[in-house]
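Enquirer: here is the input, now give the coordinates:
(chains A and B)
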Amino acid sequence: MAKILIIEDDPLMSRMYQKIFSFEQYDVDMANDGEEGLLKAKNLKPTAILLDVMMPKLNGFQVLERLKLDPDLKDIPVIMLTNLASEQDAETAMLKGAVKYIVKSQYDPKEVTKMVKEIIIANSRDEIPTTDVVATQPVPAQPEQSI
Amino acid sequence: MDASSPAPVENLLIDAQMILSAMGDAVILINKDQTIAMMNPQAEKLLEVRFADIQGKKWNEVTVAYNLNGVPILSGERSITRCFTTGETAYTTVDDEHYYKTKSGRLFPISSSTAPLRKDDQIIGAVKVFRDASRESKYRLAIAQQMGQQTEDIKVEQLKLLSSITNLPIGFIIADANDKVLISNPAAQKIMDSYVIPDSVSSINSALGQQLQHMCDVCKKDQKSLTVKDYTFNNKFLKLLAAPIILYESNGNYVGTAMLLEDETEQKVLERSKDEFFSIASHELRTPLTAIRGNTSMILDYFVNELKQDSLKEMIQDIHESSIRLIAMVNDFLDLSRLEQQKLEFKKEFVHLSDLANEVVTELAPTLHSGVTLAVSPAGDGLPVVKCDKDKIKEVLINLVGNAIKFTEQGSIQISFAIKDKFVETTVSDSGRGIPIANQALLFRKFQQAGESLLTRDTTKGTGLGLYISKLMIEGMGGSIWLARSEPEKGTAFSFTLPTV
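Expert: Down below sits the predicted model:
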């Protein structure tokens, strides 16, 4: 089962993304700031990381830099998930090695899961995505094929 | 007369008389007792006397000499006395500024020489030759005045320069080739947090001093000026500039370094707070709106079965729709402030307009009123690519096509292209409601909607910023946008151009 680490300090956002990824049958872990995020990334080795930009302690760009410097973590695709919508920030993120820069307000949560799913599939050439439907959360009204 | 035989003495004397008479200078022969023995016509003329009237009178009594201040010169200091006392020729030059006063009261400057006449080693009299030095004096005066004026001008310039340097809000230091500080202004001292003028650049006792010393060294070595931006020193943001002073007159010799120190802290803080305001505003407004949008969308996606009543479902849908509209407004406001501050960057990329138009059509097709068609006219192979910012063009297209969709309840919406010189003209035309003529003029203004008044504003149509933003964007990319035509109940067409190179 694909494991997603969401590094996000705002509980409104983290709860929302935790729900949608759970609904979509992902194994979800949360970190409330950059430091915790780095620690959890090391311990959990997630399939993909969703990373907020504006955060206390370490901001998203700093976390991204450190992830890319760590040989164990540098291959994990990092998706920047932010509400900072400047093109410059998007460019910075891509230059620092993020695979995607998503402005949260522009998409419904489900669209975000779709984008993440595509990235995971593109990134996992060795693994064939497996179906693993375990309904621990409320049963989705329109179940999507999950990975 | 035989040329070989000597001329008789009397002839010589007659000749001397002639010479004296003809001389342009005044000549006076004075006896040892200072009485006048002879004077030539030029002397008579200058002194306005007749020799016959003053013969035998004392020279000092006939002529009174004055100095520059109009004070009579004592007889002991007059050149005739000096000549007799010293036995040598006494000279009075224009610089001495002696004046003679005539009977009529005319005062004129003179230059003279008074030479003793000797016989058997005894001084028996003197010959005085003098002239009216008015012209020389005037000339010298003019030169002196000019020099004075020039000196004054230089002084004024110097003063201006000095006070400019002193009052310059930018720190200014000049050091010589040995890095000794020649000039430093108060602003430089303030920036260095010092009230002491340092002797040399190296004695500026701080990191800033080391930095300046380094810059001086570079100037000396490379003979090139250099700038250091965003240099931080004692919580200040400084811009440092050092330029070598090279005298091209002396074989391009390096003689020193001029340094400018600019405190940009205030500017930086302001700039940053402005930037931060927009980032924070965008972040802080969008986050809760995103939560509303996301959660309502999840309710509709995953809990639709729990929404037993249609009105409840509709309410959730309305909340969702509202949040999307609010997000769009926040985006509009932010775009606008960035555009107006010229903070928005315009990329230069090759854009295939017809491909982009098709993308927009695909995205917006679901929002069409039923029965309305939306299509892109075939562009043909000849349509050149434009060199513009793809995302911005897309925003404009979405805005124009979005408007067309809103106001078109039947018929069709068409996107077409035409080549206009070095531009591609894109037209979005519809068969919709049309814009009343009264409202056409203000279309591209801020907060203008094609509605009649504030109270009848159609708030479902957004902020009224769309066309204004489109205009700023198209103009930012070097094109223009206009209302091509609009007739009530027949339809509307907007066109914009974008450059191909």
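Enquirer: where do the helices sit along chain B?
Expert: For chain B, the helices defined by DSSP state H cover B:9-22, B:41-47, B:51-54, B:59-62, B:79-86, B:134-167, B:186-191, B:207-222, B:265-302, B:310-340, B:353-364, B:390-407, B:437-440, B:466-476.
Enquirer: could you dump those helices to CSV with distance to B:Pro244 and mean pLDDT?
Expert: For every residue, glycine as well, the C-beta is placed using N, CA and C. Listed next are those as CSV, based on distance: least, CB to CB, whole Å; pLDDT from 0 to 100:
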stretch, distance to B:Pro244, mean pLDDT
helix B:9-22, 67, 74
helix B:41-47, 63, 89
helix B:51-54, 74, 87
helix B:59-62, 68, 84
helix B:79-86, 59, 88
helix B:134-167, 18, 87
helix B:186-191, 18, 87
helix B:207-222, 4, 87
helix B:265-302, 27, 84
helix B:310-340, 41, 87
helix B:353-364, 52, 92
helix B:390-407, 45, 92
helix B:437-440, 62, 80
helix B:466-476, 40, 90
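Enquirer: which one, of those, ends up nearest to B:Ser112?
Expert: Closest of the helices of chain B to B:Ser112 is helix B:79-86, at 6.2 Å (criterion: CB to CB).
Enquirer: and the closest one, how far out from the chain's middle?
Expert: Offset of helix B:79-86 from its chain centre (CA atoms, centre = their mean, to the nearest Å): 66 Å.
Enquirer: what residues does it touch?
Expert: Helix B:79-86 has contacts (CB atoms under 8 Å, 6 or more residues apart in numbering or on different chains) with B:30, B:32, B:34, B:59-60, B:75, B:89-92, B:112, B:114-116, B:123, B:126, B:128.
Enquirer: low-confidence regions, chain A specifically.
Expert: Chain A contains residues with pLDDT under 70 at A:85-86, A:125-147.
Enquirer: one more pass at 50, please.
Expert: Within chain A, the segments meeting pLDDT under 50 span A:133-147.
Enquirer: residues of chain B that sit close to chain A?
Expert: Residues of chain B found near chain A (CB under 8 Å from any CB of the partner chain) are B:279, B:282-283, B:286-291, B:293-295, B:297-298, B:301-305, B:327, B:330-331, B:334, B:345, B:391.
Enquirer: now a PyMOL select for only the buried ones of those residues.
Expert: Buried residues among the residues of chain B next to chain A (16 or more other CB atoms under 10 Å in any protein chain shown), as a PyMOL selection:
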select buried, chain B and resi 279+282+283+286+287+288+289+290+291+293+294+295+297+298+301+302+327+330+331+334
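Enquirer: separation between the residue most central in space within chain A and B:Leu307?
Expert: The centroid of chain A falls nearest to A:Leu50 when counting by CA atoms, centre = their mean (2.1 Å). To B:Leu307, A:Leu50 is 28 Å away according to CB to CB, to the nearest Å.
Enquirer: same thing with B:Gly105?
Expert: 123 Å.
Enquirer: more neighbours: the two, which one.
Expert: Using other CB atoms under 10 Å in any protein chain shown as the criterion, B:Gly105 and B:Leu307 rank with B:Leu307 on top: 17 against 7.
Enquirer: surely the more buried one and B:Ile316 touch.
Expert: Yes: using CB atoms under 8 Å, B:Leu307 is in contact with B:Ile316, at 6.6 Å.
Enquirer: between these two, which contacts overlap?
Expert: Joint contacts of B:Leu307 and B:Ile316 (CB under 8 Å, 6+ apart) are B:Ile299, B:Leu300.
Enquirer: buried ones in the longest helix along chain A?
Expert: For chain A, the helix with the greatest residue count under DSSP H is helix A:109-123. Counting neighbours by 16+ other CB under 10 Å, one finds that the buried residues in helix A:109-123 are A:Pro109, A:Lys110, A:Val112, A:Thr113, A:Met115, A:Val116, A:Lys117, A:Ile119, A:Ile120.
Enquirer: now for B:Lys45, how many residues are close by?
Expert: Other residues close to B:Lys45 by other CB under 10 Å number 12.
Enquirer: kindly state the beta-bridge partners for the closest residue to it other than its chain neighbours.
Expert: If the residues on either side of it in the chain are set aside, B:Lys45 comes closest to B:Ala26, at 7.7 Å by CB to CB, 6 or more residues apart in numbering or on different chains. Beta bridges link B:Ala26 to B:Phe130, judged by DSSP bridges.
Enquirer: so B:Ala26 touches B:Phe130, yeah?
Expert: Yes: with contacts counted by CB under 8 Å, B:Ala26 reaches B:Phe130, the gap being 5.2 Å.
Enquirer: who touches both of the two?
Expert: With CB under 8 Å, 6+ apart, B:Ala26 and B:Phe130 have common neighbours B:Ala43, B:Leu46.
Enquirer: one step back: can I get the helices of chain B in JSON lines with distance to B:Phe423?
Expert: Shown next, in JSON lines, are those (distance: least, CB to CB, whole Å):
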{"stretch": "helix B:9-22", "distance to B:Phe423": "93"}
{"stretch": "helix B:41-47", "distance to B:Phe423": "90"}
{"stretch": "helix B:51-54", "distance to B:Phe423": "102"}
{"stretch": "helix B:59-62", "distance to B:Phe423": "99"}
{"stretch": "helix B:79-86", "distance to B:Phe423": "94"}
{"stretch": "helix B:134-167", "distance to B:Phe423": "49"}
{"stretch": "helix B:186-191", "distance to B:Phe423": "50"}
{"stretch": "helix B:207-222", "distance to B:Phe423": "46"}
{"stretch": "helix B:265-302", "distance to B:Phe423": "32"}
{"stretch": "helix B:310-340", "distance to B:Phe423": "21"}
{"stretch": "helix B:353-364", "distance to B:Phe423": "11"}
{"stretch": "helix B:390-407", "distance to B:Phe423": "13"}
{"stretch": "helix B:437-440", "distance to B:Phe423": "23"}
{"stretch": "helix B:466-476", "distance to B:Phe423": "11"}
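Enquirer: looking at these, which is nearest to B:Tyr99?
Expert: helix B:134-167 (9.4 Å).
Enquirer: buried stuff in that closest one?
Expert: B:Ser134, B:Ser137, B:Ile165.
Enquirer: repeat that for stretch B:385-396.
Expert: Residues B:Val385, B:Val386, B:Lys387, B:Cys388, B:Asp389, B:Lys390, B:Lys392, B:Ile393, B:Lys394, B:Glu395, B:Val396 are the ones in stretch B:385-396 that count as buried (16+ other CB under 10 Å).
Enquirer: among these, which one sits closest to B:Leu443?
Expert: Nearest to B:Leu443 among these, counting by CB to CB, is B:Val396 at 14.0 Å.
Enquirer: quick one: residues contacting the closest one.
Expert: With CB under 8 Å, 6+ apart, B:Val396 has these contacts: B:Ser470, B:Met473, B:Ile474, B:Ile481, B:Phe496.
Enquirer: same question, B:Asn234
Expert: Residues in contact with B:Asn234 (CB under 8 Å, 6+ apart) are B:Asp193.
Enquirer: switch to 10 Å and redo it
Expert: By CB atoms under 10 Å, 6 or more residues apart in numbering or on different chains, the contact set of B:Asn234 is B:Ile191, B:Met192, B:Asp193, B:Ser206, B:Ala207, B:Leu208, B:Thr265.
Enquirer: can you map out the strands along chain A?
Expert: A:3-7, A:27-31, A:48-51, A:78-82, A:100-103 (DSSP state E).
Enquirer: how many other residues sit next to the residue nearest to B:Lys103 when sequence neighbours are not counted?
Expert: Among residues not flanking B:Lys103 along the chain, B:Glu48 sits closest, at 4.9 Å (CB to CB, 6+ apart). B:Glu48 has 13 neighbouring residues, counting by other CB under 10 Å.
Enquirer: surely B:Glu48 meets B:Ala26?
Expert: No: assessed by CB atoms under 10 Å, B:Glu48 is found out of contact with B:Ala26, at 11.5 Å.
Enquirer: which residues are common contacts for the two?
Expert: Going by CB under 10 Å, 6+ apart, residues that sit against B:Glu48 and also against B:Ala26 are B:Tyr100.
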